[in-house]
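Peer 1: what follows is a predicted protein model with its sequence.
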Amino acid sequence: MPKIKLGTKSPRIDMTPMVDLFVLLLTFFILTATFRPQETAPVDTPFSVSEKPMMDANVMTVLIAKDNRVFFNVDNGPDTILKFRPKILAEMGKRYNIEFTEDELRLFERTGQAVGVPIQDMKQYLATKDTDDKIALETGVPIDSADNQLALWILFARQVNPAVLTMIKGDADVPFPVVREVLDILQDKNVNRFSLITSLRAVQVEEEITE
Amino acid sequence: MADIQVEDKSRGGKKKPKKGDARVDMTPMVDLMSLLITFFMLTAAFSKPKVMDIVLPEKLKKDEIVEPPKIAESRTLNIILGPDDVVYWYPGKADPDVTILQETDFSATGIRQVLLERNRALFRKIDQFEKDVISGKINIRQDSLRSAISQLKKDDDTGPIVLIKAYKTSKYKNFVDIIDEMSIVGIARYTFTDIDWIEEKLVVDAVNRATPVASAPVQ
């Protein structure tokens, strides 16, 4: 029996609209993607019902990691022209008699990462290329009263940028006394208004109004 | 596949290019694009972190002597953040012999109920106000709603004055949670103060009471 011959033309689907759509989507996602510098230490923020989004610019953040290390970051956001970061580092260097070169300041500005090293190790930290070596140096910003570098970072950040807002990003499991210490340092520097960085959680209050 | 139509220009008598469809195989491009789209979609951070504002009372300078503000004992509610996500609370003033800490937790039936009970009048007022706004009984601009509510809170004189204290083994999470509860329940007046030794002792007692089996005293 002869087979039924199918049409020899192979079916072609016009992919043009699909490709158009893909290009559009791709452009959208590329343009909206914001590349944040990698977090130096993982911090799981606690949940809250607050719906206020975080500000983009004029922000300084005190990070408290799981292992009680304290990090400090100045996110000068889109207004990088003002070059707050290198200015603050230069001020810090002046206080500790460490001369930072132009290259080091530029590198510090570019990384945008939180400071987690004592200022004495900063030169070595900036010179290190290897990530593992960098992590080994990150012992946290000293906050004890003998050498309270966090207080100085806060002081200089506010001197360089008076409009700066203070954020505290703590890990949910950090013991409270550590947070208290950071709050004390902030209050010593006359910062009484902070924002705690949290993740959103929905909560409903069920209360019947009937008596 | 996309076709590029080659127009047939037969007039003019010029040398004709070889006829035929110029077809470009777009499959690899499409493959690559789907990959890239997937990548960017997954890495896109749509949810911005949220912030919660707190204001702490100004610290006194060492040589400054300021009379502490007088508050009614009957309206005072002390909340102590204890170890292991436990919350202790007691009304009024701490007395080492009389005060017994009430134990509760951060669930919806825990500390929230305690606070709601004491703050019912204000909570209802705010709730009613919000309902009236939604139903259109009160005509108010959206951006002045928040300030109207904070004015309601300011005028309130029946709700509790909450003093939050943290025991040394409490977690940062507990602190955020309790401030969160304040905003959920709409407490008008709350502040964060240092824990004093009487309360520390009460917490130790309460922990020991809860676990009488443990032989070692809990620090």
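Peer 2: Happy to help now that I have it. Numbers count the residues shown, from 1 in each chain, chains lettered A, B, ... in the order given.
Peer 1: just the helices in chain B please.
Peer 2: Here chain B has its helices, by DSSP state H, at B:27-43, B:111-118, B:120-135, B:145-155, B:172-185, B:197-210.
Peer 1: how about those helices in TSV, adding mean neighbour count and distance to chain A?
Peer 2: (C-beta placed from N, C-alpha, C; glycine too.) Shown next, in TSV, are those (neighbours: other CB atoms under 10 Å in any protein chain shown; distance: least, CB to the nearest CB, whole Å):
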stretch	mean neighbour count	distance to chain A
helix B:27-43	13	3
helix B:111-118	19	6
helix B:120-135	15	6
helix B:145-155	13	11
helix B:172-185	22	4
helix B:197-210	16	12
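Peer 1: in contact with the residue of chain A found nearest chain B, which residues?
Peer 2: Nearest residue of chain A to chain B: residue A:29, at 3.4 Å (CB to the nearest CB). The contact partners of residue A:29, taken as CB atoms under 8 Å, 6 or more residues apart in numbering or on different chains, are B:37, B:40-41, B:44.
Peer 1: ok, residue B:72 next?
Peer 2: The neighbours of residue B:72, taking CB under 8 Å, 6+ apart as the test, are residue B:161.
Peer 1: follow-up on the earlier one: which stretch in the helices of chain B has the least confidence?
Peer 2: When the helices of chain B are ranked by mean pLDDT, helix B:145-155 comes last with a mean of 73.
Peer 1: for that helix, which helices and strands make contact with it?
Peer 2: Identification of packing neighbours for helix B:145-155 by 3 or more CB pairs under 8 Å, 6 or more residues apart in numbering or on different chains; DSSP states H and E yields helix B:120-135.
Peer 1: ok, the most centrally placed residue in chain B to residue B:26 distance?
Peer 2: Residue closest to the mean C-alpha point of chain B, counted by CA atoms, centre = their mean, is residue B:180 at 4.5 Å. Residue B:180 is 52 Å from residue B:26, where distance means CB to CB, to the nearest Å.
Peer 1: the residue nearest to residue A:153 when sequence neighbours are not counted is in what secondary structure piece?
Peer 2: Leaving out its chain neighbours, the residue that sits closest to residue A:153 by CB to CB, 6 or more residues apart in numbering or on different chains is residue A:72, at 4.7 Å. Using DSSP states H and E, residue A:72 falls within strand A:70-75.
Peer 1: what is the longest strand anywhere in chain A packed up against?
Peer 2: Using DSSP state E, we find that the single longest strand of chain A is strand A:193-200. If contacts are counted by 3+ CB pairs under 8 Å, 6+ apart, strand A:193-200 sits against strand A:47-48, strand A:165-170, strand B:50-55, helix B:172-185.
Peer 1: now do the longest helix belonging to chain A, average pLDDT.
Peer 2: Using DSSP H to define each element, chain A has its longest helix at helix A:16-32. For helix A:16-32, mean pLDDT is 86.
Peer 1: alpha carbons of it, as CSV, please.
Peer 2: What follows is helix A:16-32 as a C-alpha-only set of coordinates in CSV (Å, rounded to 0.1, in the frame of the first residue of the first chain):
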residue,chain,number,x,y,z
THR,A,16,9.8,37.5,14.8
PRO,A,17,7.2,38.6,17.3
MET,A,18,8.7,36.3,19.9
VAL,A,19,12.1,37.7,19.3
ASP,A,20,10.8,41.2,19.5
LEU,A,21,9.2,40.5,22.8
PHE,A,22,12.3,38.9,24.1
VAL,A,23,14.4,41.8,23.2
LEU,A,24,12.0,44.2,24.9
LEU,A,25,12.0,42.1,28.1
LEU,A,26,15.7,41.7,28.1
THR,A,27,16.2,45.5,27.7
PHE,A,28,13.8,46.1,30.5
PHE,A,29,15.5,43.7,32.9
ILE,A,30,18.9,44.9,32.1
LEU,A,31,18.0,48.5,32.6
THR,A,32,16.2,47.9,35.9
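Peer 1: gap between it and the chain center?
Peer 2: 29 Å (CA atoms, centre = their mean, to the nearest Å).
Peer 1: now swap in stretch B:32-50 and tell me
Peer 2: How far stretch B:32-50 lies from its chain's middle: 26 Å, per CA atoms, centre = their mean.
Peer 1: quick revisit: run the chain-centre distance for the strand holding residue A:72.
Peer 2: Counting by CA atoms, centre = their mean, strand A:70-75 comes out at 8 Å from the chain centroid.
Peer 1: using CSV, list the CA coordinates for it.
Peer 2: Extracted in CSV, the C-alpha atoms of strand A:70-75 (Å, rounded to 0.1, in the frame of the first residue of the first chain):
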residue,chain,number,x,y,z
VAL,A,70,30.2,45.5,63.3
PHE,A,71,30.6,46.9,59.8
PHE,A,72,30.1,50.4,58.7
ASN,A,73,29.1,51.6,55.3
VAL,A,74,28.4,54.9,53.6
ASP,A,75,26.2,54.5,50.6
